[in-house]
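Q: this is a predicted model, with the sequence first.
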Amino acid sequence: MRNSLTTIYQLKIALVGIKPQIWRRVHVPADIALDALHLVIQAAMGWTDSHLHSFIFGERRYTMPYEEGVLEELQMEDERKICLSELLTQPKAAFEYDYDFGDSWHHRVTLEKILPAAVDTRYPLCLAGKRACPPEDCGGVWGYSDLLEVLHNPADPEYKDRKAWVGRKFDSEVFDVDRFSKDLRRLRSYL
């Protein structure tokens, strides 16, 4: 982190366009750089970081430069060079996080609270959430809706193939906070 840890942000990350809502609540250092926040969102939501992403704060967009000149071409700024606290200062303020430009997973990230950092607590933390993250490459909101429809109908001709694709353990209604907390703990050494 950029500065000594004195302030944390409580963020709610919600996937846009899916009902009932899929969301996570996390605590992160206020001075977390956007490239590190990207990793936190990936871990908390359950994505695999297999696709491009961007942050959108009003008219300003940020991403990771993956080739020389790409930031200028995309009209985006380098996410490694800015901290969240430089862009978000008031509770209820929000921004967008887009993941997988093909499937177009849009997330609304809202600053719920600004809190003092707890003594002897390491961040980031995943506090709560609802529902499982959609599988990667399932076709965005509409593809996920179709997938769920098939998975809820064992008589559907595509049921066996789709069930094999997502795995037997996939349950769209289950969120395991302990699993995602472990994933975030692993990130701490990188942040």
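A: Nice, I can see it.

Q: centre of the chain versus the worst-scoring helix or strand of the chain on mean pLDDT, how much separation?
A: When the helices and strands of the chain are scored by mean pLDDT, DSSP states H and E, helix 70-74 comes last with a mean of 71. Between the centre of helix 70-74 and the centre of its chain there are 23 Å (CA atoms, centre = their mean, to the nearest Å).

Q: now the element after it, going C-ward?
A: strand 77-78 (DSSP states H and E).

Q: tell me the mean pLDDT for that following strand?
A: Averaged over strand 77-78, pLDDT sits at 89.

Q: can you pull out the strands in the protein?
A: Using DSSP state E, the strands of the chain run over residues 7-15, 23-29, 53-57, 60-63, 77-78, 94-99, 105-116, 125-130.

Q: so which of these is nearest R162?
A: Nearest to R162, of all the strands of the chain, is strand 105-116, at 19.1 Å by CB to CB. Yep, even glycine has a C-beta here, placed from its N, CA and C like the rest.

Q: which elements pack onto that closest one?
A: Contacts defined by 3 or more CB pairs under 8 Å, 6 or more residues apart in numbering; DSSP states H and E place strand 105-116 against strand 7-15, helix 34-45, strand 94-99.

Q: and the first one, which residues are buried?
A: I take that to be strand 7-15. For strand 7-15, burial by neighbour count (16 or more other CB atoms under 10 Å) applies to I8, Y9, Q10, L11, K12, I13, A14, L15.

Q: mind checking how far L87 is from R61?
A: 11 Å (CB to CB, to the nearest Å).

Q: err, E79, not the other one
A: As judged by CB to CB, E79 and R61 stand 9 Å apart.

Q: how about C133?
A: 23 Å.

Q: which one's more surrounded, the two?
A: Remark: of C133 and R61, C133 carries more neighbours, 20 against 17, as counted by other CB atoms under 10 Å.

Q: what residue lies at the spatial centre of this structure?
A: In the chain, the residue lying closest to the centroid (CA atoms, centre = their mean) is I41, at 2.9 Å.

Q: surely that residue touches Y97?
A: Yes. Taking CB atoms under 8 Å as the definition, I41 is a contact partner of Y97 at 5.7 Å.

Q: between the two, which contacts overlap?
A: By the contact definition CB atoms under 8 Å, 6 or more residues apart in numbering, I41 and Y97 are jointly contacted by I13, H107, V109.

Q: who is the nearest residue to H53 once chain neighbours are set aside paired with across the strands?
A: Using CB to CB, 6 or more residues apart in numbering and skipping the chain neighbours, the partner closest in space to H53 is Y99 (4.7 Å). Note on Y99: beta-bridge partners by DSSP bridges are H53, W105.

Q: so Y99 makes contact with H107?
A: Yes. Applying CB under 8 Å as the test, Y99 and H107 come out as touching, 7.0 Å apart.

Q: what's the spacing between the residue nearest to the centre of the chain and P116?
A: For I41 relative to P116 (CB to CB), the value is 23 Å.
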